[in-house]
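Enquirer: Could you look at this predicted model? Sequence included:
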Amino acid sequence: AKKSLDEKICYYEANMDEASRARRAMARDLWVALEQGQFFLNFQIQRAVSSDEITGYEVLLRWQHPTQGLIPPATFIPVAEECGAISAIGDWVLEHACREAVLWNLQPRIAVNLSALQLSNAGLVEKVRAVLAATGLPAHRLELEVTETALIADRDRALHLLQQLKAMGVTIAMDDFGSGYSSLETLRSFPFDKIKLDRSFINELETSQQAKAFVRAILALGHSLNVAVLAEGVETEAQRAILEEEGCQEGQGYLFGYPALLSRLGELDQAVPPH
Ligand code: C2E
Ligand code: CA
Ligand code: CA
Ligand code: CA
């Protein structure tokens, strides 16, 4: 039977309610998670493409929910952004990541993801300074990864914050470059130390001449701007070989190691692939 428009709208609204109820429930759970220690950190190796030199460790947040199991960050980070919990969660990540970096003597650096909300918070610089002081991690061993979308909200403030962080010795990476809005203007006006080339380019490296041309152009750009370029999502030896041939120096991806607990990083080839 055909549904009337009214019925369809009702159905739609009921579903919307359910979706927003679920988000509200998750928002509440996020605060509980912080309190009860349900978050933990994975680390993923970043390394040279043509040698096994380690260049860093990206910190990736994980949530072990008591009834729903492991919830991926792609699911809960947007909710945490929406309800504001990301500020407290981001503080937690920063503090624990720096502490573990000292404990495990991670060299040369760790890379921590920053959310848009953290970047719009004027207290960020003091927070970073305090965490470095409290943990004893030297500033040059901390890199912060920011996405272009995180810079959009208030570009002037973001620029000011990043400049202050850089002045402390923290390095800044532009995450997911080539996805979404990345524009040359952003590269030009922000003081990035590193460009992280989005996984989508690396995915197509073997099959698409266009993807390869983009990678080549971005590498040339990085080279002339004196900005390091890291290829994200390197999964195959063929991709690694092309990257090496193109002069890409750094990579990250399942080929080099899955994200894992630090206690398991030494046995990464035995770690379980995610999802
Ligand atoms: P991202 O910053 O781009 O992080 C890289 C993502 O790619 C991670 O997903 C990682 O597990 C995955 N990955 C690494 N190598 C490969 C590969 O070879 N192939 C494929 N297909 N994937 C690979 P993950 O851990 O699920 O995180 C997803 C996103 O969640 C991150 O994307 C980041 O935007 C966000 N996120 C994770 N941790 C944090 C955090 O502490 N704070 C904030 N604000 N965001 C976070
Ligand atoms: Ca990242
Ligand atoms: Ca990325
Ligand atoms: Ca991303």
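Expert: That came in fine, so what should we check first? Ligands and ions are numbered 1, 2, ... in the order given.

Enquirer: hang on, L70 is in a strand, isn't it?
Expert: Yes: checked against DSSP: H, G, I helix; E, B strand; the rest coil, L70 lies within a strand.

Enquirer: For the residue lying closest to it once chain neighbours are set aside, which three-state class applies?
Expert: Distances taken as Cβ to Cβ, 6 or more residues apart in numbering put Q64 closest to L70, at 5.8 Å, once the chain neighbours are dropped. Yep, even glycine has a C-beta here, placed from its N, CA and C like the rest. Three-state call for Q64 (three-state DSSP): strand.

Enquirer: quick one, strands of the chain?
Expert: In the chain, the strands defined using DSSP state E lie at 39-48, 54-65, 69-71, 110-113, 142-147, 171-177, 194-197, 228-231, 250-252.

Enquirer: and those strands as JSON lines, adding mean neighbour count, distance to ligand 3 and mean pLDDT?
Expert: Shown next, in JSON lines, are the strands of the chain (neighbours: other Cβ atoms under 10 Å; distance: least, Cβ to the ion, whole Å; pLDDT from 0 to 100):
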{"stretch": "strand 39-48", "mean neighbour count": "20", "distance to ligand 3": "11", "mean pLDDT": "98"}
{"stretch": "strand 54-65", "mean neighbour count": "21", "distance to ligand 3": "8", "mean pLDDT": "98"}
{"stretch": "strand 69-71", "mean neighbour count": "12", "distance to ligand 3": "19", "mean pLDDT": "97"}
{"stretch": "strand 110-113", "mean neighbour count": "25", "distance to ligand 3": "8", "mean pLDDT": "98"}
{"stretch": "strand 142-147", "mean neighbour count": "23", "distance to ligand 3": "7", "mean pLDDT": "96"}
{"stretch": "strand 171-177", "mean neighbour count": "22", "distance to ligand 3": "4", "mean pLDDT": "95"}
{"stretch": "strand 194-197", "mean neighbour count": "25", "distance to ligand 3": "5", "mean pLDDT": "96"}
{"stretch": "strand 228-231", "mean neighbour count": "24", "distance to ligand 3": "9", "mean pLDDT": "98"}
{"stretch": "strand 250-252", "mean neighbour count": "25", "distance to ligand 3": "8", "mean pLDDT": "98"}
